[in-house]
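Enquirer: Mind looking at a prediction? Sequence and model below.
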Amino acid sequence: MAKSKAKEVMPRGTVHLVKWVQTNTTRGVQGRWVSEKCKNTGRSAQSSPTKSPMKSPTKQPSDKTTYRFSEDFDASYDDQGINRVQLPNRRGKKKQCPNEYLRQWKYRTHDYLDIMLQGEVPPPDRPIFCTKCCRAEHSLRPFHWISQWNRDFFERTTLTKLGVEIHAGHRGKPCPHHDWEWEDMDDEGQYAPGLGEDAPSAEVLWGVPEAYDGEPDVFVELGSAAAAQDSLEVNILPAGKTAITVVHTSGVHTMSIRFCRCPDAETLDKQLFKMGLFLASFTRPKTAFTFALLDNFILDNLECRTSAMNYYSKLKRITSSMFPHLVPDQYWELMRVARQWRQLKLLKWNGFCHERRDLKDGELALFCPACPQPGINVAVPTKDDPSPKWLYTRSLVMDGNFKAEHLHPTHPEDKVWLTDGQCFMVARARYQAHLAISKDSAQRSECNNHRAVNQANASRHKLETTGIGGCACARHGCFVPNSMVDFQKGERQMNMDYTLCNALSYNTDGLCQAFMFYDVNCQYNKHLRRRVDESLHLTIPSGMEIIPGIGLWHVHGHQDKCFAQYTSNFIPGAARIDGEIMETLWVPLNIILPSARGMSTPHRQECLDYEMNDWLFLSRKYKEAKQGVRESTEAFEKLNNTADPAMVQRWEAEENEAQACRMTDPSAMDIYDVRLRKAPRSGERSQLGAVTWLACGITIEEMQIALAMEIRRAGKHQTETQTLEIGRRQVRLQHSIDEFIAGVARYLGKEYDGDDCITDMDMDFLEDGLDSDCSSDDVPDSGGHQPQVLFRPEIAGIPLPSNLGLERCEELGVVGLVRKEITLRDGQANDMLHVIRVHLADKAVLFRTTVRLAKSQATTT
C-alpha cells in the first residue's frame, strides 16, 4: 500500500492520534474520527506504529484510538495543516451523503483549479507543431479545432487556413487525375442540371485511415428502376477544390474538398456520402452533415428531447462562444437531412438493404417480441393444438392523447411523405377515405359522464389535429404498428374503430381471441360489430373474438356494475394486466409534442414514428407476477379446502355460465359483485340517502336565516334594486323547498300528511348594532302603493324531524332520522364555532398588527 501522507508532510517530533467519537443526533447515533495531538517522547515520527511512544501503561491509547501514520492509512490535509481524516465505515453499510462529499470538496477546490489552469499550457513532453506538421497530423482529422500563436497568445483558428484539404474517392488520399487549380462553386456552368432529389444514392464509409476495419453502413436506393432511368446522372465534377460548410459534433466548419476525377468516378454526392458526409442538396452542394452529427442529434432528440433549433444553437455556441450569431445558420437543412437520415436508418435496421420492393404498412416499425405473432415467435395454431387458448391471445389497450395537437400547415398542397403508413402512424390516403364516408353519430353516455364520450365532437378551428389515438400491447407497453391515428374533432368512435381494426390485422393470422381494454368500453363496444360491417374500410379477422375490458384505474369512475363486467380481474387468461399502460407511454411522448406542433404534417408523423419505435420492451412486472402467483395460490388453496364442496361446485357452475354469456349479455358477470343481505331494522323503514336529504334541509334553513337577515337589514324602505334581488332569492329558496318536500314520501313514508302542523320559523334577532328604525318584526311597508306581503319562504317550516317532534317521528317509524339529524346538528354547531374562532383570531391579529401599533386616533378607533 502507498506511503501515508503523514510521513511526507508532518514535522518530526509530533504524533497525531485519531479517536472514534459517537454523538447522539436527530438521525440516531453517528460517529466520526477526531484528531488528537500528543507530544512525542523522544521517538521519531516514522517509528513503527505498533510500538507505543508512551511508557506508562495508563497512557496507552484505547481500542478506539489509532495512530495517524499507520501503514494502511490514507490521509488528506488542507492548507492550514489541519488533518481531516475519513476512515472507512466499520459497518460498511451506510454511504456518505452528498453533502459530505461537498464538504470534502471545499478543501480541494484550489488544488483542482490549479491543475485545470496548468492544463491550459501545452505539456513539455508534447511539442508545438509547425504549419507543415500540423497539416500532416490533421489530414485525417479535419474537424479538430486548433490554436495558433500570434506573438501574444494562442488564438483559435481553422485547419482550412493551414491548407488542410479533404480528398474524396481514395480513402483520404489525393486523386492522381485532378488538377491543382482553384475553382469555386459559384460558377453555374460546372454542374449538370439533371441531378435531383430523387437521384439514387449509395453509401459506404467516411474516409478513414487504412487501419480502419469497422463495418460500413449500407442503405437501399429509393425509387423504382424506371424513376432512376428518368433522372440520368451526368458526372461533371468541379475542376479544383470546393469550399463546403460541414456541420460536425465539434461545430460548424468550412472545409476545402477535392473530388475524385477518375474516369469511373461517381457523382459528387455519392463521393461525399462514402466519406460520411450527407449533402443538404444534390445539384449545387454547399452544406454537408457528418454521420456522427446526425446520429448524435437523433440520440439527443430521443433521450434528451432536444429540438433541432436548440441542438443547432448548441453547435453555434461550440463554434464561437463569443459571436454565435456569426456562425452560418443551417437549421432548416438540418431538419430536412435528419428526416432523410431517419428513413435510411429504419430501412437498414429492418433489413431492406438487399431488396427493392414496395414496403407494406408497418414494416419499418418494431412490435412487441413477447406478444404472439404466428410465423414469427410462435407456430401457427391448429384446431388440434393442445396449448391453452390464452397463449394465442393478443392483448391490446386503446387510448387517446389530446396533447398531440397540430396546427394547420402553411402550404398544405406541398407535402412529401417518406414513410407514410410504414411505421406506426396509419397511411394518410386510406384513413381520409374512411373518415369521408363514416357517419358521426353522437352517442349519449349511459354510464357516468366520460370526456371521451361527451366531448367526442370537440373541435378547434386553428388545429388540423386535436390529438392522436392508438393501440399498444397491454402487457409489455409497445405501440402496435400501423395503428396510430389523428383526431380531427376529439376522440370519436370512427377514429378508434380504424385503429382497432388495423391493430387486430397486424400479424394475427391464426389468432382467434383478443383482449381489448378501453376507458369507455361499456359504451364503445355496444355497436362495434355493426359499425365495422357498415364500413368499406374496416375489417376484423374472421373468427376473431374480441373480449372488452376497462382499465383498473378508470373502471372505478364507472357505475358499480361495470366493475364486474369489464375489469381484467374476472377475464380468464388476461393475467396481470391493469389496462392502463398507455398512460405511461404518453408521458415521454408528450415532451416532444410542443416542438412537433408546428411542423409539416409528414415531418410530424416521422418524428412521432421514430419516437414510438424507441421503446424498450421489458416486462418489469415479471418478478412481481411470480410472487403474486405464489401468494394467490396459497390463499386460494386455504379457501378452497375450508369451503363446502357443494358450494364450490355451484360457484364453478355459475362462473362457467357467466363466462359463456359475457359476450352476449355482459350483465351475466354481475355474479362477481359482492352480495350482502342486511337484516332490516324492526319498526324502521329503509333510509338509503336519508343523510343527504337531511343535510339539504339543514342547508335550506341556513339559507332562510341568511335571507331573513338580509330583509331585516334592508328595513322598511327598500330600493327597487334591493326589492328585486330579495324577490329573486325568495324564488330560488322556494324551489329548493319544493325539491326537499318532494322526497318526504320516500323518507317519512306515505303515512306522512302534508297537513301536519309545522309552524313557521321563529327567529329572534339581537338589537345590538341595528339602526333605530329597525325592529324585530320589520317587514317591507304594506301601506300605500305596496301590496300585502304573503310570499315569505324565509320563514316557512320544512318537514325535518326536529320540526315534527319525537312523538310524530315514532308514529311514522323514522326514529333513526332523529338520531341522524342530531349528529348533523352537532356538526353544524362545530362548524359555526370554528367560524367564530377564525373571526376572533383575525380580529386579534388585526388588533396586534394594525390597531395597537397605529399612531393616529382615527386608526385606533
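Expert: Looks like it arrived, so ask away. Numbering: from 1, shown residues only.

Enquirer: how about the residue nearest the centre of the chain, phi and psi?
Expert: The centre of the chain sits closest to V587, judged by C-alpha atoms, centre = their mean, with a distance of 1.8 Å. Backbone torsions of V587, given as degrees, to the nearest 10, read phi -60, psi -60.

Enquirer: Return the residues in contact with it.
Expert: Contact analysis of V587 by C-beta atoms under 8 Å, 6 or more residues apart in numbering lists nothing. Where you see a C-beta, it was placed from the backbone N, CA and C, and this is true even at glycine.

Enquirer: Next: the one 3 residues further on.
Expert: When contacts are counted by C-beta under 8 Å, 6+ apart, N590 is found next to N401, K403, A404.

Enquirer: do that again at 6 Å, thanks
Expert: Contact criterion C-beta atoms under 6 Å, 6 or more residues apart in numbering gives K403 as the residues in contact with N590.

Enquirer: how far away is it from D578?
Expert: In this structure, N590 lies at 20 Å from D578, with C-beta to C-beta, to the nearest Å as the measure.

Enquirer: likewise T721?
Expert: 58 Å.

Enquirer: And the two? Which one has more around it.
Expert: Remark: of T721 and D578, D578 carries more neighbours, 16 against 8, as counted by other C-beta atoms under 10 Å.

Enquirer: In contact with that one, which residues?
Expert: Contacts of D578 (C-beta under 6 Å, 6+ apart): L552.

Enquirer: check which helix or strand covers it.
Expert: Here D578 is covered by no helix or strand, with elements defined by DSSP states H and E.

Enquirer: Look up phi and psi at it.
Expert: For D578, the backbone dihedrals (degrees, to the nearest 10) come out as phi -100, psi -10.

Enquirer: try F291
Expert: In this entry, F291 is assigned phi and psi values of phi -60, psi -40 (degrees, to the nearest 10).

Enquirer: On the pLDDT front, check it for me.
Expert: For F291, the pLDDT comes out at 94.

Enquirer: ok, now the one 10 residues further on?
Expert: pLDDT recorded at N301 is 90.

Enquirer: So it: helix, strand or coil?
Expert: helix (DSSP: H, G, I helix; E, B strand; the rest coil).

Enquirer: Tell me how many other residues surround it.
Expert: Neighbouring residues of N301 were enumerated by other C-beta under 10 Å; the total is 22.

Enquirer: Would you check how far apart it and W349 are?
Expert: Relative to W349, N301 is positioned 17 Å away (criterion: C-beta to C-beta).

Enquirer: Find the residue ranges of the stretch 501-650 of the chain scoring beneath the pLDDT cut-off.
Expert: Low-confidence segments of the stretch 501-650 of the chain, defined by pLDDT under 70, span residues 616-621.

Enquirer: just the helices in it please.
Expert: 521-524, 528-534, 560-566, 581-596, 601-612, 622-642, 645-661 (DSSP state H, counting those that start in this stretch).

Enquirer: for the stretch 301-450 of the chain, same thing?
Expert: If DSSP H, counting those that start in this stretch is used as the criterion, the helices of the stretch 301-450 of the chain fall at 308-319, 331-349, 428-437.

Enquirer: Can I get these in TSV including distance to C130 and mean neighbour count?
Expert: Formatted as TSV, the helices of the stretch 301-450 of the chain follow (distance: least, C-beta to C-beta, whole Å; neighbours: other C-beta atoms under 10 Å):
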stretch	distance to C130	mean neighbour count
helix 308-319	26	17
helix 331-349	36	19
helix 428-437	60	14
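
Enquirer: closest to G172 out of the ones you listed?
Expert: Taking C-beta to C-beta as the criterion, G172 comes closest to helix 331-349 out of those, the separation being 23.0 Å.

Enquirer: now the closest one, how far from the chain's geometric center?
Expert: The offset between the C-alpha centroid of helix 331-349 and the centroid of the whole chain comes to 26 Å, using C-alpha atoms, centre = their mean, to the nearest Å.

Enquirer: okay, the angle between it and helix 601-612?
Expert: In this structure, helix 331-349 runs at an angle of 50 degrees to helix 601-612, with axes from the mean of the first three to the mean of the last three C-alpha atoms, to 10 degrees as the basis.

Enquirer: pLDDT averaged over helix 331-349 - what is it?
Expert: Averaged across helix 331-349, pLDDT comes to 92.

Enquirer: who touches that helix?
Expert: Taking contacts as C-beta under 6 Å, 6+ apart, the residues outside helix 331-349 that touch it are 219-220, 278, 280, 287, 289, 294, 308, 312, 364, 418-419, 606, 610.

Enquirer: Which members of the residues you listed occur in strands, if any?
Expert: Of the contacts of helix 331-349, the ones assigned to strands by DSSP state E are F278, T287, F289.

Enquirer: out of those residues, who's nearest R712?
Expert: The closest of these to R712 turns out to be F289 (C-beta to C-beta; 81.9 Å).

Enquirer: per-residue pLDDT, T465?
Expert: Looking at T465, its pLDDT stands at 91.

Enquirer: Contact partners for it?
Expert: For T465, the set of contacting residues under the criterion of C-beta under 6 Å, 6+ apart consists of H406, D486.

Enquirer: Pairing partners for it in the sheet, please.
Expert: With DSSP bridges applied, T465 shows beta-bridge pairing to H406.

Enquirer: where's it relative to A404, distance?
Expert: Noted for T465: a distance of 7 Å to A404, by C-beta to C-beta.

Enquirer: likewise G169?
Expert: In this structure, G169 lies at 46 Å from A404, with C-beta to C-beta as the measure.

Enquirer: More neighbours: those two, which one.
Expert: When G169 and A404 are compared for neighbours, G169 comes out ahead with 26 against 23, by other C-beta under 10 Å.

Enquirer: Let me know the secondary structure of that one.
Expert: Using three-state DSSP, the structure places G169 in coil.

Enquirer: in the protein, which helix has the most residues?
Expert: Secondary structure of the chain read by DSSP state H shows that its longest helix is helix 815-846.

Enquirer: Return the distance of that helix from the chain's centre.
Expert: Chain-centre distance of helix 815-846: 44 Å, with C-alpha atoms, centre = their mean.

Enquirer: next one: stretch 344-355
Expert: Put simply, stretch 344-355 sits 31 Å off its chain's centre (C-alpha atoms, centre = their mean).

Enquirer: Can you measure across it, start residue to end residue?
Expert: As for stretch 344-355, its first-to-last residue distance stands at 14 Å under the measure C-alpha to C-alpha, to the nearest Å.

Enquirer: so what pLDDT did R681 get?
Expert: 52.

Enquirer: Among the contacts of helix 331-349, which one lies nearest to M255?
Expert: Of all the contacts of helix 331-349, the one sitting nearest M255 is T287; the distance, using C-beta to C-beta, is 11.0 Å.

Enquirer: State the distance from the residue nearest to the centre of the chain to R305.
Expert: V587 sits 12 Å away from R305, taking C-beta to C-beta as the criterion.

Enquirer: C473 now?
Expert: As defined by C-beta to C-beta, C473 lies at a distance of 23 Å from R305.

Enquirer: Quick check: which ranges of the stretch 351-500 of the chain have low pLDDT?
Expert: Low-confidence segments of the stretch 351-500 of the chain, defined by pLDDT under 70, span residues 442-445, 449-460.
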